[in-house]
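Asker: Got a sequence here, can you model it:
(chains A, B and C)
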Amino acid sequence: MPELPEVETTRRGLAPHLTGRRIAGFAVHDRRLRWPIARALPGQLAGQRINAVERRAKYLLLRLDHGTLILHLGMSGSLRVLDAGTPRLKHDHYDLVLEGKRTLRFNDPRRFGCCLYTTAPPERHRLLRRLAPEPFDPAFGGAYLQRIARRRKVAIKLLIMNGQLVTGVGNIYASEALFHAQVRPRRAARSLSGAECAALARAIRKVLRASIRSGGTTLRDYTNAEGSPGYFRQRLYVYERAGQPCRRCHTPIRQFTQGQRSTYWCPTCQH
DNA sequence: ATGGGCACCTGGCTGC
DNA sequence: TGCAGCCAGGTGCCCA
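Answerer: You can find the predicted model right below:
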């Protein structure tokens, strides 16, 4: 499910409800996630204040008094702020109960999400320490992309989906960004010119920013912290549009498989 | 170091 | 209706 825009939309929805609030308790309903929820967690979290809600790549970071909660939504996870008495649903995994009457509830049918706690600086955590710069960081841009692409022969689409090299771009926005940059997804990374790298870096930023403005993309089950869908789906140019006319030139959009994921592209607009 | 492929899951849809 | 098969927004890890 969620790529950077969906996680950022979730972060923005959660922040006003969580920031400055104290954690009254932590209830585990189903500890089976990508890594099982630690049994010690409720004892570690109770009484701590949430000082900030941040995002790094597709991870959400809840900064607490004595540590950081590292949350990931995986493919199908969602976080919602609810009244504490709201009946639970299938696949609810935990409640971070806030002081007052509200609770942060995590639901994740496929269980690819995670909920980890660290008392060390989170940027040094093994899941975060090798992540590439954020796309909106000044360190990311055409020159950066050209440097990492220069010697690699992987397909450019797989390169921009590699979190160690480019952050926050998942399967939807990889196809979309390549369309806007007019670059074919199968091209070897090292075959891109400086101008193409610059165009691709711009396209990645543009697509992510536009999607955040629309509240992200809801394909099937993504909802934000309030339970509302995102509206960027209407602005997708190629993703899940195989056989439909290109919005720019009317050529039918094509689909093929790359790294076990679907890729969409326009054979006329992309070179 | 790089690249390729698998694994981890459930649910929804399609077609027989 | 039932069931098999396929697909889905991520990413860590193992192997060559």
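
Asker: Which secondary structure element is home to the residue nearest to residue A:4 when sequence neighbours are not counted?
Answerer: Excluding the flanking residues, the one nearest residue A:4 by Cβ to Cβ, 6 or more residues apart in numbering is residue A:168, at 3.0 Å. Heads up, the C-betas are built off the backbone N, CA and C, glycines and all. Using DSSP states H and E, no element contains residue A:168; it sits outside every helix and strand.

Asker: same check, this time on residue A:82
Answerer: For residue A:82, the enclosing helix or strand under DSSP H and E is strand A:78-83.

Asker: Within its sheet, name the partner strands of that strand and how each one runs.
Answerer: strand A:102-107 (antiparallel) (DSSP bridges).

Asker: and the partner strand, does that touch DNA strand C?
Answerer: No - interface with DNA strand C: strand A:102-107 contributes nothing (Cβ under 7 Å from any atom of the strand), its closest point being 12.5 Å away.

Asker: just checking, next helix/strand downstream of that strand?
Answerer: Moving toward the C-terminus from strand A:102-107, the next helix or strand (DSSP H and E) is strand A:114-118.

Asker: hmm, back to that, pull the strand holding residue A:82 out as CSV, backbone CA atoms only.
Answerer: As requested, C-alpha coordinates have been extracted for strand A:78-83 and formatted as CSV (Å, rounded to 0.1, in the frame of the first residue of the first chain):
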residue,chain,number,x,y,z
SER,A,78,-3.2,1.7,8.4
LEU,A,79,-3.1,3.8,11.5
ARG,A,80,-6.2,5.6,12.8
VAL,A,81,-7.0,7.7,15.8
LEU,A,82,-10.2,6.5,17.3
ASP,A,83,-12.3,6.8,20.4
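
Asker: Is there proximity between the helix or strand following it and DNA strand B?
Answerer: For strand A:78-83, the succeeding helix or strand toward the C-terminus, using DSSP H and E, is strand A:92-98. No - in this structure, strand A:92-98 remains apart from DNA strand B according to Cβ under 7 Å from any atom of the strand; the gap is never smaller than 11.3 Å.
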